[in-house]
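Colleague: This is a predicted model, with the sequence first.
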Amino acid sequence: MNMTATLKSDITPQGADYETVRQVIELITEDYRDQPSLEDIAARLKQPPTQLQKTFTRWAGLSPKAFLQAVTLDHAKRLLRQESMPLLETSIEIGLSGPGRLHDLFVTHEAMSPGEWKARGAGLTIRYGFHPSPFGQALVMATERGLAGLAFADDGNEQACLEDMTCRWPNAAYVRDQEATVAYADRIFDPGRWRPEEPLRIVLIGSDFQVRVWQALLRIPMGKAVTYSDIAGELGQPTASRAVGAAVGRNPISFVVPCHRALGKSGALTGYHWGLTRKRAMLGWEAGKA
DNA sequence: AGGCATGTTCTTG
DNA sequence: CAAGAACATGCCT
């Protein structure tokens, strides 16, 4: 967490690099069918290939080529196929009370009490800050009890992104606090720091059904994917796949609660609150890390 | 390609 | 409260 030194320069949109990375991701995910080469991409963005390569690799953790390979719809389908339903059998016990050990992030979580939920965040102080991430500016929100929100914005979009989040808990008090949130951002996007000894504490604020759906998402291991109807079945309501989709879409802690690992039954990436391009990027990023 | 059942949540009267 | 609409779905012509 010695990120404080670089914090200042990181907050101010150092736009150029991120914008480049964003464009590359977008271009690749849009045109992966053409399998564009590094040179093609560089030419489209009017940048020297070697520099583009370096910038992208530094931010995304893998080369443009590796990223391209990772991102194909085939890949998404393979994710579904390779696991012939272990999810249902592997179902892990999670007590609502005690912290449980969950998925690859070793996230511990607790849900808000019904009273707290009904208050729509009243009496809650939420600290927030924007930090750079491989998927754009990440909005990190935390309460005393742990990470409560994670959202993404493109450059210039920060305000809309913040509003999207704050209106979910309209009665909470919001304090901008880069220092309190940078440690979260730092850890979340560095898989080297996902350790069982130091679980990441998260707080799920939502209705009963939503929290159950999000808990189900937490059980999907990295590099795997499930369908919306898988989740519905796991909740004991096999016909509720659409309701599941709606709940997944309101996931307040994107990425950490891996809603990007939920796909349509055909393997198609059906939707993503922060943009389908980001969903593909996340799946590709995880494939690169695995 | 288009219609329809489905469960949850939000909005409206 | 009741009723209706909206949804990151899925199944059936």
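Modeller: Great, that's in hand.
Colleague: Any idea which residue of chain A lies closest to DNA strand C?
Modeller: Nearest residue of chain A to DNA strand C: residue A:271, at 2.1 Å (C-beta to the nearest atom of the strand). Where C-beta positions appear, they are placed from N, C-alpha and C, glycine not excepted.
Colleague: Am I right that that residue is in a strand?
Modeller: No. Counting by DSSP: H, G, I helix; E, B strand; the rest coil, residue A:271 is not found in a strand; it is coil.
Colleague: neighbours of it, just the number please.
Modeller: Residue A:271 has 14 neighbouring residues, counting by other C-beta atoms under 10 Å.
Colleague: Quick check: closest non-adjacent residue to it.
Modeller: Take residue A:271 and drop its neighbours on the chain: the residue closest to it by C-beta to C-beta, 6 or more residues apart in numbering is residue A:249, 6.8 Å away.
Colleague: which residues does that neighbour contact?
Modeller: A:259, A:271, A:273 (C-beta atoms under 8 Å, 6 or more residues apart in numbering).
Colleague: From residue A:56, how far out is it?
Modeller: 29 Å (C-beta to C-beta, to the nearest Å).
Colleague: In the stretch 101-250 of chain A, which residue sits nearest DNA strand B?
Modeller: Per C-beta to the nearest atom of the strand, residue A:207 is where the stretch 101-250 of chain A lies closest to DNA strand B, at 2.9 Å.
Colleague: where's that residue relative to residue A:156, distance?
Modeller: For residue A:207 relative to residue A:156 (C-beta to C-beta), the value is 32 Å.
Colleague: In terms of pLDDT, where does the residue lying closest to residue A:276 once chain neighbours are set aside sit?
Modeller: Nearest residue to residue A:276, sequence neighbours excluded (C-beta to C-beta, 6+ apart): residue A:269, at 5.8 Å. On pLDDT, residue A:269 comes in at 91.
Colleague: Around DNA strand B, pick out the residues from chain A.
Modeller: Residues of chain A found near DNA strand B (C-beta under 7 Å from any atom of the strand) are A:207, A:208, A:209, A:210, A:237, A:239, A:240, A:242, A:243, A:246, A:247.
Colleague: So for the one helix or strand residue A:27 maps to, what gets flagged as buried?
Modeller: Here residue A:27, judged by DSSP states H and E, is contained in helix A:15-31. Under the neighbour-count criterion of 16 or more other C-beta atoms under 10 Å, helix A:15-31 has A:18, A:20, A:21, A:22, A:23, A:24, A:25, A:27, A:28, A:29 buried.
Colleague: which ones are touching the fourth one?
Modeller: Contact criterion C-beta under 8 Å, 6+ apart gives A:136, A:154, A:155 as the residues in contact with residue A:22.
Colleague: So which of the residues you listed sit within strands?
Modeller: Among these, the residues falling in strands (DSSP state E) are residue A:136.
Colleague: thinking again about what came up before, what helices or strands is the next helix or strand after the helix holding residue A:27 leaning on?
Modeller: Downstream of helix A:15-31, the first helix or strand assigned by DSSP H and E is helix A:38-45. Of the remaining helices and strands, those touching helix A:38-45 by 3 or more C-beta pairs under 8 Å, 6 or more residues apart in numbering; DSSP states H and E are helix A:15-31, helix A:49-60, helix A:64-70.
Colleague: Select from the residues of chain A next to DNA strand B the one having the most neighbours.
Modeller: So for the residues of chain A next to DNA strand B (other C-beta under 10 Å), the most neighbours sit at residue A:247, 25 neighbours.
Colleague: gap between it and residue A:228?
Modeller: From residue A:247 over to residue A:228 (counting by C-beta to C-beta), the distance is 10 Å.
Colleague: Next: residue A:137.
Modeller: 28 Å.
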